[in-house]
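# got a sequence here, can you model it:
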Amino acid sequence: MTKLAVGIWAYGRCAERYVSDGYREAMPFERRLENVAALEGVSGVELSYPGDIDEANCEEIKGLLERHNLRIASIIPEIVCEAKWQRGALTAMDDGLRSDARARIKGAMDMASRTGTKIVNIWPGQDGFDYAFEVDYARGWELFVEGLAECAAHRPEIKLAIEYKMSEPRMKCYAANAGTALALSMATGRPNVGVALDIGHSFNAGENPAMSVALLAGQGRLFHVHINDNYGIADDDMPAGSVHWPQWFEFVHWLRKVGYDDWISLDMYPYRDDPQDACGVSMEFFRLAERVAGRMSVGYDASPSEVFRRIMRSFAK
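Next up is the predicted model:
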């Protein structure tokens, strides 16, 4: 059975650029866990380090998770949403900042070890640039590889998954697409460095997510998956399947085809929606996509029209 999880931030205030105070009051942590546990078929959560879990509260959080029969799908080190990272984290030119970023990732790996979590999901959103001639690309790439390799060696049994994204908060991110993230992970020479494929980030990068699944899995580097949806021009983090139906079915088909059997986590910001409803409908759509993908008769020699016809027929079965 597919292991489904929810990023705990879906139940947050959902602040944005135009409504910086958010659209709702922040929900208490245990209440968030109660809501996730109430979602049909969901057995995991994604947490941030140190925002949700840290050295001081680790045992308390483990107890709460056990009470609600939940596991941690991945832990995300906070190397983006603090002002000090504005010039980069793993690729910062300041030695102290780079050291802090590596320590933050290693701390998340320690938390993963203590909680039985296999994945630390790294979103390097501040590692990039805004303007031409702003950064030394070659040096930035070198520092990126060095930092990841050092962290990977800290706990070889914990997988580091690089969550690529074209932009945001930097206008251009180093780890911008599936190919770049794959090259970055392989350049470390460490088998426990791979890629987190966020389907929305894949759409933003102009990719076909199913093709990215095949590429990453073919190299043994598809470590983690985030689901949501958007219109391809921004990381809207909308409910899964709310925009891209055909691509979604092919995406799930290829996850099945490559034998991906690890966590699939909902990464969503329901700004103007009830978070429980938005999480629930996302999971309903994912299960629909699984059923449709499982019923489809796929033949790669079919005409485009026949492919579309097969998709439609799969709904009628």
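
# in the protein, which spans are strands?
If DSSP state E is used as the criterion, the strands of the chain fall at 3-7, 42-49, 71-77, 119-122, 128-129, 159-163, 172-173, 193-198, 222-227, 263-266.

# want to throw the ones you listed into CSV with mean pLDDT, mean neighbour count and distance to residue 22?
To be clear about C-beta, it is placed using only N, CA and C from the backbone, and glycine gets the same treatment. Output for these, formatted as CSV (pLDDT from 0 to 100; neighbours: other Cβ atoms under 10 Å; distance: least, Cβ to Cβ, whole Å):
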stretch, mean pLDDT, mean neighbour count, distance to residue 22
strand 3-7, 98, 23, 16
strand 42-49, 98, 23, 17
strand 71-77, 98, 25, 19
strand 119-122, 98, 27, 23
strand 128-129, 98, 21, 26
strand 159-163, 98, 26, 23
strand 172-173, 98, 19, 25
strand 193-198, 98, 27, 22
strand 222-227, 98, 26, 21
strand 263-266, 98, 25, 19
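
# redo those strands as JSON lines? Include distance to residue 152.
Putting these into JSON lines (distance: least, Cβ to Cβ, whole Å) gives the following:
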{"stretch": "strand 3-7", "distance to residue 152": "23"}
{"stretch": "strand 42-49", "distance to residue 152": "17"}
{"stretch": "strand 71-77", "distance to residue 152": "13"}
{"stretch": "strand 119-122", "distance to residue 152": "10"}
{"stretch": "strand 128-129", "distance to residue 152": "21"}
{"stretch": "strand 159-163", "distance to residue 152": "6"}
{"stretch": "strand 172-173", "distance to residue 152": "20"}
{"stretch": "strand 193-198", "distance to residue 152": "5"}
{"stretch": "strand 222-227", "distance to residue 152": "12"}
{"stretch": "strand 263-266", "distance to residue 152": "19"}
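
# out of these, nearest to residue 135?
strand 128-129 (4.5 Å; Cβ to Cβ).

# and for that closest one, what's in contact with it?
With contacts defined as Cβ atoms under 8 Å, 6 or more residues apart in numbering, strand 128-129 is touched by 88, 91, 135, 167, 170-174, 176.

# and what of stretch 265-283?
Counting by Cβ under 8 Å, 6+ apart, 4-7, 9-12, 14, 16, 19, 23, 27, 35-36, 38-42, 44, 46, 73-74, 198, 200, 224-228, 237-241 sit against stretch 265-283.

# tell me what the residue most central in space within the chain is bridged to.
Centrality entry for the chain: nearest residue to the mean C-alpha point is residue 226, 4.1 Å, by Cα atoms, centre = their mean. Note on residue 226: beta-bridge partners by DSSP bridges are residue 198, residue 265.

# thinking again about what came up before, closest one to residue 304 among the strands of the chain?
strand 193-198 (25.1 Å).

# who does the closest one touch, helix- and strand-wise?
If contacts are counted by 3 or more Cβ pairs under 8 Å, 6 or more residues apart in numbering; DSSP states H and E, strand 193-198 sits against strand 119-122, helix 137-154, strand 159-163, helix 178-187, helix 209-218, strand 222-227.

# TSV please, covering these and showing distance to residue 113.
Compiled in TSV, these are given as follows (distance: least, Cβ to Cβ, whole Å):
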stretch	distance to residue 113
strand 119-122	10
helix 137-154	10
strand 159-163	12
helix 178-187	21
helix 209-218	25
strand 222-227	16
